[in-house]
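1. sharing a model prediction with you, sequence too.
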Protein chains: 2
Amino acid sequence: MTEADFLAALRALPLHPGAGGLADDVAGLAGLTITTDTIVESVHFLSDDSPEDIAWKLVAVNLSDLAAKGAVPQAVLLNYPCGDDEWDRAFLKGFGEALTTYDCKLLGGDTVSLPVRALRVLSLTAIGSDAGPVARSGAKAGDGLWATGTIGDAGAGLKIASGIEGPADLLAAYRRPTPLIAEGRTLAPLVHAMMDVSDGLLIDAQRMADASGLAVSIDIAEIPLSDSYRTYVGDDRWARIEAATAGDDYQLLFAAPADFAPPVPVTRVGSFAEGSGLTLADNGQSIDLPCQLGFQH
Amino acid sequence: MTEADFLAALRALPLHPGAGGLADDVAGLAGLTITTDTIVESVHFLSDDSPEDIAWKLVAVNLSDLAAKGAVPQAVLLNYPCGDDEWDRAFLKGFGEALTTYDCKLLGGDTVSLPVRALRVLSLTAIGSDAGPVARSGAKAGDGLWATGTIGDAGAGLKIASGIEGPADLLAAYRRPTPLIAEGRTLAPLVHAMMDVSDGLLIDAQRMADASGLAVSIDIAEIPLSDSYRTYVGDDRWARIEAATAGDDYQLLFAAPADFAPPVPVTRVGSFAEGSGLTLADNGQSIDLPCQLGFQH
């Protein structure tokens, strides 16, 4: 089954009220915000990525989901396949660094042994403070669509990690994503809907619009690109579509009134309207959607 | 690294107070009891086990950890690798059955796609009510060691699942373990220490003794065997050692005063004393420990 079909089937099971219909990246229970993410070797990370970076990423992608709800991370549970000594030690180093950096404590977990040559599958469950009602479904017609930071850097970094030479800061964006916890806390009380950009700006914007029962339009000319990205990949339409469909940004994407005065640096990249679906423009001129809106995994 | 080494290394990281030093199968947070377990194809289940049974088992092994603390299951998060349509549908059927049977709701999760021919790795995080202080470390010198139900049935069932003919009830014990939620709730306020038997009676009893800073002795003649087990495997010393070192029982193992009056059917299989380590007897006669005390995974 595809993930979408499987998710639809899960919705027919007895759901907890805090599951929010499985429509968001987090759940709520007993005043806590809870999320869980799994990363798979050769799907979400490369076999020769460093274990330190993989550990960092596992923590970061989970904390990013909490950040997108304005929740403060408290604790994590780790599901880990023990194996190679050197790999495990390096993983622990990166894992400890990430926990310390984000002041997050280890609460529990489970270790298993994997058969020889099995692909590594790692899960983390992260628990944060109560997040309040910043669902991805709260966008209103007339809202602007806004993003923090720059888009596409990690996607370019993945190419560099795969062996093509390129700038260190793009590689770092792929290897060491930053969960925007402080930004999330600041934005959460002010916005109508928020989520992190994990699979690509276009696909995630479309998900927010779908969840909100609205249409969303994005002008790719407005998408914030880093100087390194412009130099390494370019600044033409192709490069901008490439940035907007690459995963692993972990920027915050949110809906807020068109006259919203942002308390942190953000860029308005589009707007919501009555209707449904995603439409694209380049400098005001309508353009076709790419075949792939983002990373499907 | 071995699981023990990895766990020791994890203890050097910033731990949450609710982690209890990672010495138990559950953690406590905000009045909740939390546990997580991962099962791996060809380690914890056979590739040709039915997906319904695998789903059931994934839920049951997690709820068994909650049961062993007297916690009532509330909600679960599922980490699931989507793939083959038929497998996924069958899994969902068994997953739904288990949730409904134990009145437990789906709170969230994450689905991923696995590369072709990758082994399935499934995780579940289960959250239950506050459990109180029934750690595995609370046994006192002079306590008896007690177990619910019968021991070894699932281990015999694994052989049957692997292709050797045998009784259906033993096969069912392997395929559809029962988390003893009601028994756990009844026993929790009355006992000094409790855990579930997941890796084998001997290894789990030794873990309880180690956590409690005590020695434990078990008389294998006292180990409760089912009629089916006696008929299928036998009732001699070898069969009793086999039962006591097989995993997947999910019976409750607890420490309580020698004159404890059990409110549910249980069997006294041993006793705790000052000192350390596990010793075995057969009808009062000291016998050697087997090389393997249980399932190491």
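-> Noted; the coordinates are in hand.
2. mind listing the helices for the stretch 1-150 of chain A?
-> Ranges of helices in the stretch 1-150 of chain A, per DSSP state H, counting those that start in this stretch, are A:3-10, A:51-67, A:85-101.
3. also the stretch 151-297 of chain A?
-> Ranges of helices within the stretch 151-297 of chain A are A:153-161, A:168-175, A:181-187, A:201-212, A:227-232, A:237-245, based on DSSP H, counting those that start in this stretch.
4. closest to chain B out of those?
-> The stretch from those with the least distance to chain B (CB to the nearest CB) is helix A:201-212; that distance is 14.4 Å. From N, CA and C alone the C-beta is placed, and that goes for glycine too.
5. which ones are touching the residue most central in space within chain A?
-> For chain A, A:Ser198 is the residue whose C-alpha lies nearest the centre (CA atoms, centre = their mean; 2.5 Å). By CB atoms under 8 Å, 6 or more residues apart in numbering or on different chains, the contact set of A:Ser198 is A:61, A:64-65, A:204, A:247-250.
6. now with 10 Å?
-> Residues in contact with A:Ser198 (CB atoms under 10 Å, 6 or more residues apart in numbering or on different chains) are A:25, A:37, A:61, A:64-65, A:68, A:154, A:177, A:204, A:247-251, A:253, A:294-295, A:297.
7. can you tell me which of those are buried?
-> By the neighbour-count criterion of 16 or more other CB atoms under 10 Å in any protein chain shown, the contacts of A:Ser198 include these buried positions: A:25, A:37, A:61, A:64-65, A:68, A:154, A:177, A:204, A:247-251, A:253, A:294-295, A:297.
8. ok, and which of the residues you listed reach chain B?
-> A:25, A:37, A:61, A:65, A:297 (CB under 10 Å from any CB of the partner chain).
9. the second one touches A:Val121, doesn't it?
-> Read it as A:Asp37. No. Taking CB atoms under 10 Å as the definition, A:Asp37 is not a contact partner of A:Val121, at 11.6 Å.
10. between those two, what contacts are shared?
-> Each of A:44, B:79, B:112 lies in contact with both A:Asp37 and A:Val121 under the rule CB under 10 Å, 6+ apart.
11. and the gap between A:Leu10 and A:Thr231?
-> When distances are taken as CB to CB, to the nearest Å, A:Leu10 and A:Thr231 turn out to be 44 Å apart.
12. same check on A:Val59?
-> As defined by CB to CB, A:Val59 lies at a distance of 30 Å from A:Thr231.
13. so what's A:His297 scoring on pLDDT?
-> We have a pLDDT of 57 for A:His297.
14. to clarify, my last question referred to A:Leu114.
-> 86.
15. for it, grab phi and psi.
-> The phi/psi pair for A:Leu114 (degrees, to the nearest 10) reads phi -100, psi 140.
16. quick revisit: out of the ones next to chain B among the buried ones among the contacts of A:Ser198, who's nearest A:Glu97?
-> Minimum distance to A:Glu97 across those is 15.2 Å, recorded for A:Val61 (CB to CB).
17. residue contacts, that closest one?
-> Going by CB under 10 Å, 6+ apart, the list of residues near A:Val61 reads A:25, A:35, A:37-39, A:44, A:124, A:126, A:177, A:179, A:196, A:198, A:248, A:250, B:110.
18. same thing but at 8 Å, please
-> With contacts defined as CB under 8 Å, 6+ apart, A:Val61 is in contact with A:37, A:39, A:177, A:179, A:198, A:250.
19. deepest of the helices of the stretch 1-150 of chain A, which one?
-> Mean neighbour count (mean count of other CB atoms under 10 Å in any protein chain shown) peaks for helix A:51-67 among the helices of the stretch 1-150 of chain A, with a mean of 25.
20. just give me the neighbour total for A:Ala141.
-> By other CB atoms under 10 Å in any protein chain shown, the residues close to A:Ala141 number 13.
21. typed the wrong thing, it's A:Gln285
-> When neighbours are counted by other CB under 10 Å, A:Gln285 registers 9.
22. any idea what it is bridged to?
-> The residues paired with A:Gln285 through beta bridges, assigned by DSSP bridges, are A:Asp282.
23. state the pLDDT value of it.
-> According to the model's per-residue confidence, A:Gln285 sits at a pLDDT of 97.
24. so it versus chain B, what's the distance?
-> Plainly put, A:Gln285 is 36 Å away from chain B if you go by CB to the nearest CB, to the nearest Å.
25. okay, now the unreliable bits of the stretch 101-250 of chain A?
-> Low-confidence regions of the stretch 101-250 of chain A, defined by pLDDT under 70, span residues A:131-133.
26. residue numbers of it in contact with chain B?
-> Residues of the stretch 101-250 of chain A lying near chain B by CB under 8 Å from any CB of the partner chain: A:104-115, A:118-119, A:121, A:123, A:125, A:127.
27. could you redo the last one with a cut-off of 7 Å?
-> Contact residues (CB under 7 Å from any CB of the partner chain) of the stretch 101-250 of chain A with chain B: A:105-115, A:118-119, A:121, A:123, A:125, A:127.
28. what subset of those is buried?
-> A residue is treated as buried here by neighbour count (16+ other CB under 10 Å); on that basis the buried members of those are A:105-114, A:118-119, A:121, A:123, A:125, A:127.
29. from the chain's centre, how far out does stretch A:200-209 sit?
-> What separates the centre of stretch A:200-209 from the centre of its chain is 11 Å, taken as CA atoms, centre = their mean, to the nearest Å.
30. quick check: closest non-adjacent residue to A:Gly96.
-> The shortest distance from A:Gly96 to any residue other than its chain neighbours is 4.9 Å, reached at B:Leu13 (CB to CB, 6 or more residues apart in numbering or on different chains).
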